[in-house]
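Student: Using only what follows, build the 3D model:
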Amino acid sequence: MSAEHASMRLIDDYARGDATMAADTVWALEAHLETCAPCRSRLAASVATEAPGIAALVDTVRAGLEPQLDAAVPMPSRRHRPRWVPAWLTLVMAPWLAMTLAVTLVALLLDAVASPTLFGDASPLLLVAPVLPLCGVAASWSRGLDPAHELTASTARAGLPLLLRRTTAVLAVVLPGLLAAGWLTGTMTAAQWLLPSLAFTSAALALGSVVGVTRAAAGLAVAWGVVVVAPTWATGRVPLALQLALQPGQLPVWGLLLALGTGAVIARRNAYSTL
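Tutor: Predicted coordinates:
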């Protein structure tokens with residue numbers, strides 16, 4: 001691609017659906033086509049010559065739809081949704097984010113009214129804070145929960161960039177809520193849970209390149225609940241491992257885990273387009 005337009009050879013290969021084109025090349029071309037009308041016109045002309053079967057199919061569909069479209073009653077104009085919304089958010093994330101905030105509020109309530117011995121003198125909010133963002137992450141790239149998943153995942157730009165944008169949107173909702181809850185209760189500081197929370201998120205994305213992001217996020221959250229939250233609730237004592245893990249002195253360890261997870265995501269960045 002030149003500084004202004006894609007080459008005709010590249011457009012012809014794209015029109016033919018050349019399977020040898022690199023994923024990053026397809027990504028760059030599609031990004032360019034979104035903003036370049038001349039290249040879109042050249043692509044339309046190329047489809048007619050390089051992929052006549054597709055052109056004939058489009059003409060057939062158009063011929064069948066035109067009478068119905070002409071007879072259709074125009075719908076009232078609706079407020080236009082900004083183009084950035086589908087890239088950062090999906091409606092399927094709303095109930096998951098609401099559930100995450102509800103869990104935060106319940107933990108906040110338990111902090112205020114529960115007996116000090118119920119959770120072994122540990123803050124219920126601190127027990128769940130490291131894995132709360134995983135609820136939204138699990139929904140951000142879910143095949144079963146998002147009705148438009150196949151349509152979204154079929155584009156070359158729907159791999160890691162889209163997943164990272166939606167994960168950022170999740171963190172932008174959850175982390176301020178946890179910060180506010182910690183400030184209100186005074187029972188935990190950001191140093192105790194912020195890095196662990198980011199480390200769990202990066203681990204979910206890294207494991208997601210192998211087993212799927214939804215499975216990885218849900219699996220880590222369940223594992224934390226079984227190993228940490230349930231025993232604390234059942235025995236009224238905080239496991240020694242948890243006491244050590246959430247101490248400020250362990251921040252370098254969590255930072256290392258965050259760096260390893262981030263490195264794994266970068267190393268396997270091409271895998272997210274084929275999940």
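Student: Please count neighbours and contacts with C-alpha atoms only from this point.
Tutor: Noted.
Student: Give me the buried stretch members for the helix or strand harbouring residue 264, please.
Tutor: Assigned by DSSP states H and E, residue 264 belongs to helix 251-267. Of all the residues in helix 251-267, those buried under the rule 16 or more other C-alpha atoms under 10 Å are 251, 254, 257-262, 264-265.
Student: Please identify which of those residues is nearest to residue 189.
Tutor: Residue 189 lies nearest to residue 251 out of those, by C-alpha to C-alpha, at 12.5 Å.
Student: Quick check: the closest one vs residue 142, distance?
Tutor: 31 Å (C-alpha to C-alpha, to the nearest Å).
Student: now do residue 178
Tutor: Taking C-alpha to C-alpha, one finds residue 178 at 24 Å from residue 142.
Student: between these two, which one's more packed in?
Tutor: residue 178 (26 against 18; other C-alpha atoms under 10 Å).
Student: State the next helix or strand along the chain beyond the helix or strand containing the more buried one.
Tutor: Using DSSP H and E, residue 178 sits within helix 160-185. The C-terminal neighbour of helix 160-185 among helices and strands, as given by DSSP H and E, is helix 190-211.
Student: Tell me the helices and strands packed up against that following helix.
Tutor: helix 133-140, helix 160-185, helix 213-224, helix 251-267 (3 or more C-alpha pairs under 8 Å, 6 or more residues apart in numbering; DSSP states H and E).
Student: Take those helices and lay them out in TSV including distance to residue 26.
Tutor: As requested, the helices and strands packed on helix 190-211 are exported to TSV (distance: least, C-alpha to C-alpha, whole Å):
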stretch	distance to residue 26
helix 133-140	23
helix 160-185	14
helix 213-224	23
helix 251-267	19
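Student: highest average neighbour count across the ones you listed?
Tutor: helix 133-140 (a mean of 28; mean count of other C-alpha atoms under 10 Å).
Student: Run a quick neighbour tally on residue 102.
Tutor: The burial count for residue 102: 12, using other C-alpha under 10 Å.
Student: where in the stretch 1-150 of the chain is pLDDT low?
Tutor: In the prediction, the stretch 1-150 of the chain carries residues with pLDDT under 70 at positions 1-3, 72-93, 96, 107, 110-122, 143-150.
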